[in-house]
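Participant: this one's sequence-less:
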Ligand SMILES: NC(=O)c1ccc[n+]([C@@H]2O[C@H](COP(=O)([O-])OP(=O)(O)OC[C@H]3O[C@@H](n4cnc5c(N)ncnc54)[C@H](OP(=O)(O)O)[C@@H]3O)[C@@H](O)[C@H]2O)c1
């Protein structure tokens with residue numbers, strides 16, 4: 001497929017590398033000058049493109065930028081992008097990083113992003129940590145394969161998103177509609193807890209509306225008490241314990 005990726009940070013760069021290795025034609029962009037971007041893109045096996053070009057003549061566009069950066073994107077960015085192009089969004093809202101954002105109140109994160117971009121999105125790759133995405137992928141059918149939640153309102157787009165996730169080494173579960181996608185936001189049992197399909201389905205069902213912000217605060221508080229930033233294993237344990245209500 002032809003894939004445009006906006007953001008070559010932790011997540012965008014892993015996705016670009018994995019999709020180009022899988023044989024897709026990948027274009028990437030970030031905020032750097034063209035010469036720097038070209039070097040980054042070449043290292044990822046991708047083509048460098050300016051923001052306005054990364055969305056042209058592709059079948060999939062993946063946004064992987066900080067949550068508070070979407071509001072500053074050009075308002076007409078997706079204006080000429082055909083409706084059949086799948087728009088995927090990996091973002092999470094972290095209040096400590098992203099600040100207060102007007103228009104987010106009462107909405108799921110992905111409903112806000114969808115409104116900001118003026119297009120429906122598929123929320124995916126948000127409930128997996130960088131380390132997990134990079135190092136813990138497995139071949140389809142292998143025991144202990146971790147699952148990622150895919151939420152959105154377009155079933156055909158979700159199906160292709162799930163196929164792409166599979167190529168990165170992970171299973172998927174249906175996270176429901178964009179309105180339901182709060183179930184995979186930070187602080188929920190489904191968020192970065194490295195679960196298999198059955199466990200992730202259970203975690204999505206077990207999420208309680210309104211509970212996530214307090215759980216997320218507890219996670220942040222716990223992390224701040226570590227002398228050095230916790231390892232992937234420690235983070236998974238913290239997330240699991242916090243979601244289960246027994247974080248010590
Ligand atoms: N890190 C994780 O473990 C993780 C896991 C799941 C989901 N997420 C979410 O996924 C998103 C990306 O996370 P990340 O950790 O990859 O972030 P990151 O490492 O900070 O990278 C962000 C990327 O976005 C680019 N960018 C920012 N504003 C842009 C703009 N206006 N136009 C084009 N590119 C722009 C940055 O460009 P420059 O390189 O030029 O600065 C950078 O390449 C975030 O919303 C995050 O919450 C992160």
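Facilitator: Great, that's in hand. This is a predicted model, so every value here is computed, not measured.
Participant: Point me to the residue of this protein nearest the ligand.
Facilitator: With C-beta to the nearest ligand atom, the shortest gap between the chain and the ligand falls at residue 9, namely 1.7 Å. Every residue, glycine included, has its C-beta placed from N, CA and C.
Participant: Isn't that residue up against residue 64?
Facilitator: Yes. Contact between residue 9 and residue 64 holds when scored by C-beta atoms under 8 Å: they sit 6.8 Å apart.
Participant: Tell me which of the two has more neighbours.
Facilitator: Neighbour comparison, residue 9 and residue 64: the larger count goes to residue 64, with 24 against 13 (by other C-beta atoms under 10 Å).
Participant: what's near enough to touch the more buried one?
Facilitator: 5-7, 9, 11-12, 15, 90-91, 125 (C-beta atoms under 8 Å, 6 or more residues apart in numbering).
Participant: what does this structure put close to the ligand?
Facilitator: With C-beta under 6 Å from any ligand atom as the criterion, the chain meets the ligand at residues 6-12, 29-32, 51, 64-67, 69, 73, 90-92, 126, 128-130.
Participant: Buried members of the residues you listed into ChimeraX, please.
Facilitator: The command below creates a ChimeraX selection of those among the residues of the chain next to the ligand that count as buried (16 or more other C-beta atoms under 10 Å):
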select :6,7,8,11,12,29,30,64,65,67,90,91,92,126,128,129
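Participant: now, which of the residues of the chain next to the ligand lie within strands?
Facilitator: Here DSSP state E is the test, and the residues of the chain next to the ligand give 6, 29 as lying in strands.
Participant: In helices, which of the residues of the chain next to the ligand fall?
Facilitator: 10-12, 51, 130 (DSSP state H).
Participant: now the strands for this protein?
Facilitator: Taking DSSP E as the criterion, the chain contains strands spanning 2-6, 25-29, 47-48, 60-63, 86-89, 122-123, 147-150, 171-174.
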